[in-house]
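S.K.: I need the structure of the sequence given here:
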Amino acid sequence: MKETFFRSMTWLHTWAGLAVCWLLLLIFFAGSLSYFRHEISLWSKPELHQAVFQDYDQRQVEQQITKGQAYLADKAPDAASWTISFPSERKPYLSFGWADAPKAGERRGKFHEHVVSQDGQQMITDIRDSRGGNFFYRLHFDLHYLPVVAARWIVGLATMAMLIALISGVVIHKRIFKDFFSFRPAKGSRSWLDAHNVSAVMALPYHLIITYTGLITLMFMFMPWGALQQYDGDVRAFRADLNPARIQEKPGDTQAPLFDAARLVSQVERQWGAAPLKQVSITGPGRDSSRISFTLNSEHTVTDRRSLLVFDGITGELKSLGNPESATYKTYDTLMALHTARFADWALRGLFFLCGLLGCAMVATGTLLWAVKIAQKQQKAIKTGAKPSIGLRLVDGLNISFICGLPLATAGFFYANRLLPVDMFDRAQREVDVFFITLAVIAIVALWDGLRCTQSWRRWRQWLALGALAFAALPLLGAVTSGQSLLSNMADNQWTLVGFDMVSLLFALALGFAARQVSRTKLIPLRQGATSRLNSKSAASSTANTLTARAAVNKKESKDLSLEEARQ
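M.R.: Predicted coordinates:
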């Protein structure tokens, strides 16, 4: 505990953020991309970019269900489940899919999907295997390669640290509204502090909501004791009351004829009216334990739950009307909806996406500010030829790894999606591997440069410029590999694909601008003994004068920054 409350809060804000800053950067970045996961998934399957887009038509629902049930009975009679997915705003095509029975050690079996052409006469079956946007969605809370429970504990603890950092940050910033309008460029550490303040304050309501609701999604994992006490440790009974429609019975061994799902549409309409359907799911088809579930397309309703009507798959009897309607459950559901934003239209999701990127900027500028302040404290020792501390070199390497690495690894993921052979074994996983391999290569180079004490700003410029080039070429790659260019997509009103290309170009501009700025500011000087490498006396004198002047500027900036933080 420090000598004053505000100094204690400053210490708490600094270390709560720094302890998990690079993990938070990964979570914020992947979570921001998740707002457009369906659009990314659509881009990642160019086989669906022509002659498949269609709108939902209530008049054809019964016919589509009949056709889908017959098709799935022919293609996958022994599947664990069938799914008929109707066209929607974000997935504008009709598809029939099925899931295999899970193998030993698997939670779910492999899912297969065939898409119906726009005219309804053909089935598109040769669709490349790709996780698409679902990879980023799962990454931001499952972290990949880790056991699910362990990953969610790690993410949950990082989220708690983020909430602590946000609250303590609000406490220590007495001039929070003035900071919103204050940005002083080219002022060293003060500029990084201003950038940190602006990015934090500009999206502060979003940061608080997304962090708190993120903890809500994990509440039953972190604090299960109330439910376990109420249900005497019977987790299945608790889940049945919380979400009765999702409780599934084990498939029976007895064969039984499946009820015609199309005949249930009239009952569904009596319950929901003419509301659009999202999908029809049939679990255990052809067995005596089969269930037929109709899922409502909630569209822009502020809810995260799946509204289900569950029927017996043999008799057609209505078994469940869906989830409970208690005030507690509605509150929980609303908080979940605020986190996932499934209710949002493209404009609101775009706003959330920008706020998520501001969250990335907030975390990144915080880590850079910390590194700059450490470098300023060690400037005198570096000037005399001493090596920067191992901590500074490690922090600088990790900053490069994540701030430069995440965009470039994402671009690598998209390139792998289009360039890997379509028939490659376990292709979706290979795309994911490319993402992490790219991130690992950047981290290895950055940390190796740190050990050698080379000038890190050169690596910043190189990686940022490479990322800008990679994103700038993505629209060209899409045109070459799918036959659909940016202009042709505009002419065909395929605005989802147009939006992907435009965002790629915006990312390229942002990364290019950052690379240009890095060349000017030279971020953090890590190179020691510069004067010993100059042979001429005049060059050594010039360098010494430059370092002395820079040290004086840094000392003044450090003093000003300390006064600034004290006032806050």
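S.K.: Identify the residue nearest His38 in space, chain neighbours excluded?
M.R.: The shortest distance from His38 to any non-neighbouring residue, by Cβ to Cβ, 6 or more residues apart in numbering, is to Arg90 (4.1 Å). Glycine gets a C-beta too; all of them are placed from N, C-alpha and C.
S.K.: Determine whether the claim that the one you found is in a helix is correct.
M.R.: No: secondary structure assignment (DSSP: H, G, I helix; E, B strand; the rest coil) places Arg90 in coil, not in a helix.
S.K.: residues in contact with Gly214?
M.R.: 141, 155, 159, 339 (Cβ atoms under 8 Å, 6 or more residues apart in numbering).
S.K.: Buried ones in the host helix or strand of Ser504, by neighbour count?
M.R.: Following DSSP states H and E, the helix or strand that holds Ser504 is helix 495-521. For helix 495-521, burial by neighbour count (16 or more other Cβ atoms under 10 Å) applies to 496-501, 503-504, 507-508, 510-512, 514-515, 518.
S.K.: quick one on the thing from earlier: and the contacts of Gly214, which two are furthest apart?
M.R.: Val155 and His339 (12.7 Å; Cβ to Cβ).
S.K.: Who has more neighbours out of those two?
M.R.: With neighbours defined as other Cβ atoms under 10 Å, Val155 and His339 compare such that Val155 has more, 24 against 18.
S.K.: which secondary structure elements does the one helix or strand that one maps to contact?
M.R.: Assessed by DSSP H and E, Val155 sits inside helix 148-172. Helix 148-172 sits against helix 5-18, helix 21-34, helix 133-142, helix 204-217, helix 219-222, with contacts defined as 3 or more Cβ pairs under 8 Å, 6 or more residues apart in numbering; DSSP states H and E.
S.K.: Point out the most buried one among those.
M.R.: Most buried of those, by mean neighbour count (mean count of other Cβ atoms under 10 Å): helix 21-34, with a mean of 23.
S.K.: Chain neighbours aside, what residue packs nearest to Leu72?
M.R.: Distance criterion Cβ to Cβ, 6+ apart; nearest residue to Leu72, sequence neighbours excluded, is Trp82 at 4.4 Å.
S.K.: hmm, back to that, identify all contacting residues around the helix holding Val155.
M.R.: Contacts for helix 148-172 (Cβ under 8 Å, 6+ apart): 6, 9-10, 12-13, 16-17, 19-20, 23-24, 27, 140-144, 146, 176, 200, 204, 207-208, 211-212, 214-215, 218, 221-222, 565, 568.
S.K.: and Arg263, helix, strand or coil?
M.R.: What three-state DSSP gives for Arg263 is helix.
S.K.: Surely it and Phe311 touch.
M.R.: No: using Cβ atoms under 8 Å, Arg263 makes no contact with Phe311, being 9.9 Å away.
S.K.: Settle it for me: which of these two has more neighbours?
M.R.: Of the pair Arg263 and Phe311, Phe311 is the one with more neighbours under other Cβ under 10 Å, namely 23 against 13.
S.K.: is it true that that one lies in a strand?
M.R.: Yes: Phe311: assigned to a strand according to three-state DSSP.
S.K.: Run through the helices of the stretch 451-568 of the chain in chain order.
M.R.: Residue ranges of the helices in the stretch 451-568 of the chain, as given by DSSP state H, counting those that start in this stretch, are 456-482, 486-491, 495-521, 537-567.
S.K.: Of these, which shows the lowest average pLDDT?
M.R.: Mean pLDDT is lowest for helix 537-567 out of the helices of the stretch 451-568 of the chain, coming in at a mean of 45.
S.K.: low pLDDT regions in the stretch 51-200 of the chain?
M.R.: For the stretch 51-200 of the chain, applying pLDDT under 70 flags the ranges 105-106, 175-189.
S.K.: So which residues of it form strands?
M.R.: 81-85, 95-99, 111-116, 123-124 (DSSP state E, counting those that start in this stretch).
S.K.: now, of those strands, which is deepest in the fold?
M.R.: Mean neighbour count (mean count of other Cβ under 10 Å) peaks for strand 81-85 among those, with a mean of 24.
S.K.: Return the angle between stretch directions for it and strand 95-99.
M.R.: Angle, strand 81-85 to strand 95-99, by axes from the mean of the first three to the mean of the last three Cα atoms, to 10 degrees: 160 degrees.
S.K.: tell me what strand 81-85 is packed against?
M.R.: If you count contacts as 3+ Cβ pairs under 8 Å, 6+ apart, strand 81-85 packs onto helix 61-75, strand 95-99, strand 277-283.
S.K.: what angle do the second one and helix 61-75 make?
M.R.: If you take the same axes, to 10 degrees, strand 95-99 sits at 40 degrees to helix 61-75.
S.K.: So which elements touch strand 95-99?
M.R.: Under the contact definition 3+ Cβ pairs under 8 Å, 6+ apart, strand 95-99 sits against helix 61-75, strand 81-85, strand 111-116.
S.K.: Okay, angle between that strand and strand 277-283 too, please.
M.R.: Between strand 95-99 and strand 277-283, the angle comes out at 30 degrees (the same axes, to 10 degrees).
S.K.: what does the first one give?
M.R.: The directions of helix 61-75 and strand 277-283 differ by 30 degrees, with the same axes, to 10 degrees as the criterion.
S.K.: So, low pLDDT: which residues of the stretch 251-400 of the chain?
M.R.: In the stretch 251-400 of the chain (pLDDT under 70), the answer is 251-253, 322-324, 381-386.
S.K.: the helices in it, which residues?
M.R.: Using DSSP H, counting those that start in this stretch, helices in the stretch 251-400 of the chain cover 265-272, 327-340, 346-377, 379-383, 390-399.
S.K.: From the rest of the structure, what touches the second one?
M.R.: So that's helix 327-340. For helix 327-340, contacts defined as Cβ under 8 Å, 6+ apart pick out 209-210, 212-214, 216-217, 242, 302-305, 323, 343.
S.K.: now those in a markdown table, with distance to Val52?
M.R.: Formatted as a markdown table, these follow (distance: Cβ to Cβ, whole Å):
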| residue | distance to Val52 |
| --- | --- |
| Ile209 | 36 |
| Ile210 | 34 |
| Tyr212 | 40 |
| Thr213 | 35 |
| Gly214 | 35 |
| Ile216 | 37 |
| Thr217 | 33 |
| Leu242 | 37 |
| Val302 | 30 |
| Thr303 | 28 |
| Asp304 | 28 |
| Arg305 | 29 |
| Asn323 | 32 |
| Phe343 | 26 |
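S.K.: Can you tell me which of these is nearest Phe471?
M.R.: After measuring these against Phe471 - Cβ to Cβ - the closest member comes out as Ile210, at 24.9 Å.
S.K.: Mind pulling up the pLDDT for the closest one?
M.R.: Note on Ile210: pLDDT of 96.
S.K.: Distance-wise, check the nearest residue to it once chain neighbours are set aside relative to Val302.
M.R.: Among residues not flanking Ile210 along the chain, His339 sits closest, at 6.3 Å (Cβ to Cβ, 6+ apart). His339 is 12 Å from Val302, where distance means Cβ to Cβ, to the nearest Å.
S.K.: Could you do Arg291 as well?
M.R.: Distance from Arg291 to Val302, counting by Cβ to Cβ: 28 Å.
S.K.: go on, Ala203?
M.R.: 20 Å.
S.K.: With neighbour numbers in mind, choose between the two.
M.R.: Neighbour count, other Cβ under 10 Å: between Ala203 and Val302, Ala203 has more, with 22 against 13.
S.K.: Isn't the more buried one up against Leu358?
M.R.: Yes: here Ala203 reaches Leu358: they are 4.2 Å apart, a contact under Cβ under 8 Å.
S.K.: Minimum distance to Leu193: which of the helices and strands packed on helix 148-172 has it?
M.R.: Comparing these by their distance to Leu193 (Cβ to Cβ), the top pick is helix 5-18, with 12.2 Å.
S.K.: what comes into contact with that closest one?
M.R.: By Cβ under 8 Å, 6+ apart, helix 5-18 touches 1-2, 24, 161-162, 164-165, 168-169, 171-172, 363, 366-367, 370, 565.
S.K.: Give me the neighbour count for the closest residue to Tyr93 other than its chain neighbours.
M.R.: Distance criterion Cβ to Cβ, 6+ apart; nearest residue to Tyr93, sequence neighbours excluded, is Val52 at 4.6 Å. Per other Cβ under 10 Å, the neighbour tally for Val52 reads 21.
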